[in-house]
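[1] Here is a sequence with its predicted model. Questions after.
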Amino acid sequence: MNGKLLIVDDHKQVLKALIQLLEPEFESIAGISNPNQIISYMNKD
């Protein structure tokens, strides 16, 4: 599948597991653990 995915979860193990699970399905996956960083991450591109 094409596309980018941003996963936000404050549990680092859950975040890591989701990234590993979904990696084959997306062109790019990013994970952050602090929801306060969402806007700055989205403005980064």
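    Looks like it came in fine. Residues are numbered from 1 along each chain as shown.
[2] if you go through the protein in chain order, where are the helices?
    12-22, 38-44 (DSSP state H).
[3] How far off centre is the first one?
    Translated: helix 12-22. Relative to its chain's centre, helix 12-22 lies at 9 Å (C-alpha atoms, centre = their mean, to the nearest Å).
[4] ok, back up a step: so which of the helices of the chain is the most packed in?
    helix 12-22 (a mean of 13; mean count of other C-beta atoms under 10 Å). The way it works is simple: take the backbone N, C-alpha and C, and place the C-beta from them, glycine included.
[5] mind saving the C-alpha coords of it as CSV?
    Coordinates of the C-alpha atoms in helix 12-22 are reproduced here as CSV (Å, rounded to 0.1, in the frame of the first residue of the first chain):
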residue,chain,number,x,y,z
LYS,A,12,6.7,2.8,23.6
GLN,A,13,6.4,-1.0,23.3
VAL,A,14,3.0,-0.6,21.7
LEU,A,15,4.3,2.0,19.3
LYS,A,16,7.2,-0.2,18.3
ALA,A,17,5.0,-3.2,17.8
LEU,A,18,2.5,-1.2,15.6
ILE,A,19,5.3,0.1,13.5
GLN,A,20,6.8,-3.4,13.0
LEU,A,21,3.3,-4.8,12.2
LEU,A,22,2.3,-2.1,9.7
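[6] tell me the mean pLDDT for it?
    For helix 12-22, the mean per-residue pLDDT is 96.
[7] Looking at the helices of the chain, which is nearest to Gly3?
    Within those, the stretch nearest Gly3 is helix 12-22; the backing value is 10.8 Å (C-beta to C-beta).
[8] Thanks again, I'm all set now.
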